[in-house]
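Undergrad: Give the three-dimensional model of this entry:
(one chain, ligands or ions: 3)
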Amino acid sequence: PAAEVLYRREAEHAIGQPVGDLLGSSAIDEHGGIRAGEQMHHRADGTEIPVSVSVAPLRDDVGEPTGSVAVCTDLTERVERRAAEARYASVVASLDEGVIVIGPGGELTSVNESAQRLMGAWVVPNIHINRLLHQAPMITEYGAALDADDHPVARALRTGQAQRRVIVGIDDGGPRRWFSTSARPLVEEGGSAGSVVWTFLEITDRKRVEDELSFQATHDPLTRLPNRDVLIAALTDAAGPACANGTKVAVLVFDLDRFKTINDTFGHAVGDRVLQTIATRTAAVIRPDDRLGRLAGDEFIVVSPGLRDEADATALAHRINDAVSGPFRLPSGRELVVTPSIGIAFLSDQDTSPEVVLSHADVAMYRSKERGRARTEVFDHELRAAVSRKLLVHEALRSAVDTRAIVGHFQPIADAVSGTIVGVEVLARWEHPTLGSIPPDEFIPIAEDTALMPVLGAWILETACAQMAQWQRAGKCGSDQMLHVNLSPRQLTDPGFADIVMHALSSTGLRADQLWLEVTESILMEEGSDVAGALDTLRGIGVHFAIDDFGTGYSSLAYLKRFPVEALKIDRSFVEGLGEDPESTAIVEAIVRLAQSLHLETVAEGVETEAQARHLRAMGCDRIQGYLVARPAPAHQVDFGSHTFDAD
Ligand code: C2E
Ligand code: CA
Ligand code: CA
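TA: Ligands and ions are numbered 1, 2, ... in the order given. Okay, here's the model as predicted:
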């Protein structure tokens, strides 16, 4: 019956037929006997069937052959499995992935071509896995040394657990190579466990791209230094150990004095070279544990852990200062010296947030600049007090702006010869219920640093215009008298500023040519914004512009021609020394002459004595303002009556 199933032929039809007719001619040999071994036989329906044939002769009692018995086993399944295995083997052989099978004893049982290509031709079956694992030093994805016992293959062999896509690097001194590696226990059907399939794909190129991308995200492309985020993280990391062993962690922040001038004068290519050189020079003088980074522009940061005391930090600052201050040779052969202003702050119990410590180092750096640059300052009690006062004033200022608690006082400006009052300047005044009187020199910069200035500025402008218009209607002053209003940088760079001024004028009825806006030199140097556009628009409708605090800023003649400016206000600091300090006297004289040659008016601020007024008149200064004429006063006390000078 088995034969009937195999050959799909019923016994009764087969009996008596020649074997060759039944199973096909290839089933018999030239003597008519059945061939043994693996053969192809025919079924009744003509299809072929692979069989394994064993043949035994049949003999009679005396040993004469009478026939043979053939036992035929169906090989269909085995042949198919063999074909599948062959296909599988050729697929494994052609994989980009290296595939190595390791037996339970650690010997390799199969190795594909890619495995040999990636690991070397010496990797062949029967060698031991340990030879491969000890071939070259290995590292983890993050660059730490990887022990052979921790390799995914070793783990899979030891634990029987699959290890998936672990990144392993080979660091044999040449360029690092990276592999994505998996190791899975192989459980053979019915077979014993313990074999492991190890597959690996080389990802060196992909890793290089990924590493470069993450480097770019955390580093500054120009100097290749880590960025702010990295340094903040380094500062966070340093806090724990410092707490444990009682050492100090310092943050040093420095920027380059007058770097903008270098960029403007020599071009950005030179500026970039300077920054790169500063980075290299600084890197050379910090200690191995210190981290150097670039914050922005010409601002650098060093996080320095493990310091014994403040002196260690200042010593580091001095080394940085010396390194940075060395001369640069420009391509033209010219030498350039840049100096750093350095601020230092320490991580302390009170200031655990890295952001706060960084801001303190910044505050200290600004004091270095204020105190004359090329210095080092430490964030101390005094600066801490200043910072908290600033916070206090900032909070109070917010509500003062909301409740209109800041009001304008007015200070007259007189003709230097006749004493006639030609106008008034509005000066902001703030009386706080508990903090007392807070001077504008304190709150205007705070309003500037925050978003409060545009609102505060617009409020002062509008109320002053309204006051002036009302005085005029009441006959207290004439339409030839002027209103001076101070502007801060934030106002003029606000794109809606021209509209704000026009609105203040139209809503109060004050004529545009009665309004003078006082701007500082720094506003005119502002980069990127359309200051000139705003000035031209307003000058176009009749508004006048004066430069405030003239002589204290950049004093570049270029902008006097570029902007529609009509007057210079000579700063109080020069007027103070008039007639006593030869230098101040010379400066005032020079400013007046300069103004005359450019057809600009001059207004001297802070005139307190008759002697100062006399000097100014003699020099040809047009107008004067100061305690000699009148102090700033609330609106109801302002007097427009002419001032009488003592006879010369
Ligand atoms: P500034 O524009 O140079 O104003 C002149 C400053 O000198 C005023 O100080 C004024 O009170 C003071 N002063 C006037 N005459 C004399 C004098 O004879 N002797 C002395 N010792 N001082 C005199 P104040 O009011 O404290 O203002 C300081 C600065 O605050 C101003 O300097 C100005 O830059 C700014 N400021 C004041 N009000 C405003 C404002 O409404 N907006 C803006 N943006 N800034 C303002
Ligand atoms: Ca002013
Ligand atoms: Ca001034």
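Undergrad: Off-centre distance for stretch 288-302?
TA: The offset between the C-alpha centroid of stretch 288-302 and the centroid of the whole chain comes to 12 Å, using C-alpha atoms, centre = their mean, to the nearest Å.
Undergrad: buried residues in that stretch?
TA: Buried positions in stretch 288-302, judged by neighbour count with 16 or more other C-beta atoms under 10 Å: 290-295, 298-302. C-beta coordinates here come from the backbone N, C-alpha and C atoms, glycine included.
Undergrad: Now do the contacts for the closest residue to ligand 2 within the stretch 351-500 of the chain.
TA: Distance from ligand 2 to each residue of the stretch 351-500 of the chain (C-beta to the ion) is smallest for N486, at 4.6 Å. Neighbour list for N486: 425-428, 518, 548 [criterion: C-beta atoms under 8 Å, 6 or more residues apart in numbering].
Undergrad: S348 too?
TA: In this structure, S348 makes contact with V357, judged by C-beta under 8 Å, 6+ apart.
Undergrad: Give me the pLDDT for the residue of the stretch 351-500 of the chain closest to ligand 2.
TA: On pLDDT, N486 comes in at 97.
Undergrad: With the one 4 residues further on instead?
TA: pLDDT, the model's per-residue confidence, is 84 for R490.
Undergrad: That one contacts L452, doesn't it?
TA: No: with contact taken as C-beta atoms under 8 Å, R490 and L452 are classed as non-touching, separated by 9.1 Å.
Undergrad: Show me how far stretch 30-47 is from its chain's centre.
TA: Worked out by C-alpha atoms, centre = their mean, stretch 30-47 lies 80 Å from the chain centre.
Undergrad: which residues of the stretch 51-200 of the chain fall in strands?
TA: Counting by DSSP state E, counting those that start in this stretch, the stretch 51-200 of the chain has strands at residues 65-74, 98-102, 108-111, 138-140, 145-146, 163-170, 177-186, 195-202.
Undergrad: Compile the ones you listed into a markdown table and extend it with columns for mean neighbour count, distance to F563 and mean pLDDT.
TA: As requested, those are exported to a markdown table (neighbours: other C-beta atoms under 10 Å; distance: least, C-beta to C-beta, whole Å; pLDDT from 0 to 100):
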| stretch | mean neighbour count | distance to F563 | mean pLDDT |
| --- | --- | --- | --- |
| strand 65-74 | 13 | 103 | 88 |
| strand 98-102 | 22 | 72 | 94 |
| strand 108-111 | 19 | 80 | 92 |
| strand 138-140 | 16 | 62 | 93 |
| strand 145-146 | 15 | 65 | 92 |
| strand 163-170 | 17 | 61 | 93 |
| strand 177-186 | 19 | 60 | 93 |
| strand 195-202 | 21 | 64 | 93 |
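Undergrad: So what's the residue count around the residue of the chain found nearest ligand 3?
TA: Closest approach between the chain and ligand 3, counting by C-beta to the ion: D549, at 4.3 Å. The local packing count at D549 equals 20, with neighbours defined by other C-beta atoms under 10 Å.
Undergrad: Can you classify it by secondary structure?
TA: With DSSP: H, G, I helix; E, B strand; the rest coil as the basis, the three-state label of D549 is strand.
Undergrad: was I right about it contacting F574?
TA: No: here D549 does not reach F574: they are 9.8 Å apart, not a contact under C-beta under 8 Å.
Undergrad: what's the residue of the chain closest to ligand 3 in contact with, if anything?
TA: Going by C-beta under 8 Å, 6+ apart, D549 touches 520-521, 569, 571, 605.
Undergrad: Tell me the confidence at the residue of the stretch 51-200 of the chain found nearest ligand 2?
TA: Among the residues of the stretch 51-200 of the chain, Y142 lies nearest to ligand 2; the distance is 59.3 Å by C-beta to the ion. With respect to pLDDT, Y142 scores 85.
Undergrad: same thing with D530?
TA: 78.
Undergrad: nearest spatial neighbour of it, skipping sequence neighbours?
TA: The spatially closest residue to D530, leaving aside those adjacent along the chain, is P495, at 7.6 Å (C-beta to C-beta, 6 or more residues apart in numbering).
Undergrad: Pretty sure that neighbour sits in a helix.
TA: No: for P495, which was evaluated using three-state DSSP, the result is coil, with no helix membership.
Undergrad: Which of the contacts of D549 fall in helices?
TA: E521 (DSSP state H).
Undergrad: In the contacts of D549, which residue is surrounded by the most others?
TA: The most crowded member of the contacts of D549 is K569, carrying 26 neighbours; neighbours defined as other C-beta under 10 Å.
Undergrad: now the helices for the stretch 351-500 of the chain?
TA: Counting by DSSP state H, counting those that start in this stretch, the stretch 351-500 of the chain has helices at residues 354-370, 381-402, 440-449, 453-473, 489-492, 497-508.
Undergrad: Ranked by average pLDDT, which of those falls at the bottom?
TA: helix 489-492 (a mean of 86).
Undergrad: Quick check: which helices or strands does that helix pack against?
TA: Helices and strands touching helix 489-492, by 3 or more C-beta pairs under 8 Å, 6 or more residues apart in numbering; DSSP states H and E, are helix 453-473, helix 521-525, helix 531-540.
Undergrad: If we go by neighbour counts, what in the first one is buried?
TA: What it means is helix 453-473. Of the residues in helix 453-473, those buried (16+ other C-beta under 10 Å) are 453-454, 456-469, 471-472.
Undergrad: Show me what it is packed against.
TA: Packing contacts for helix 453-473, counted by 3+ C-beta pairs under 8 Å, 6+ apart, involve helix 381-402, strand 406-415, strand 421-432, helix 440-449, strand 482-486, helix 489-492, helix 497-508.
Undergrad: Report the strands that pair with the second one, each with its relative direction.
TA: Taking DSSP bridges as the criterion, strand 406-415 sits next to strand 421-432 (antiparallel), strand 623-624 (antiparallel), strand 633-634 (antiparallel) in its sheet.
Undergrad: In this structure L560 contacts H599, no?
TA: No: proximity of L560 to H599 does not meet the contact threshold set by C-beta under 8 Å, at 10.5 Å.
Undergrad: returning to what we had before: for the strands paired with strand 406-415, which one sits closest to ligand 1?
TA: strand 421-432 (3.7 Å; C-beta to the nearest ligand atom).
Undergrad: near ligand 2, which residues of the stretch 301-450 of the chain?
TA: By the rule C-beta under 5 Å from the ion, no part of the stretch 301-450 of the chain lies against ligand 2.
Undergrad: Flag every residue of the stretch 301-450 of the chain that's near ligand 3.
TA: Neighbours of ligand 3 within the stretch 301-450 of the chain, by C-beta under 5 Å from the ion: none found.
Undergrad: Around ligand 1, pick out the residues from the stretch 301-450 of the chain.
TA: Counting by C-beta under 6 Å from any ligand atom, the residues of the stretch 301-450 of the chain lying close to ligand 1 are 411, 427-428, 439-441, 444.
Undergrad: rerun that using 8 Å as the cut-off
TA: 408-409, 411, 425-429, 439-441, 444 (C-beta under 8 Å from any ligand atom).
Undergrad: So what does the closest residue to L307 other than its chain neighbours look like in phi/psi?
TA: Leaving aside its sequence neighbours, L307 sits nearest to K248 (C-beta to C-beta, 6+ apart; 4.3 Å). Backbone geometry at K248, expressed as degrees, to the nearest 10, gives phi -110, psi 150.
Undergrad: go on, P564?
TA: Summarising the backbone geometry of P564 under the convention degrees, to the nearest 10, its torsions are phi -80, psi 60.
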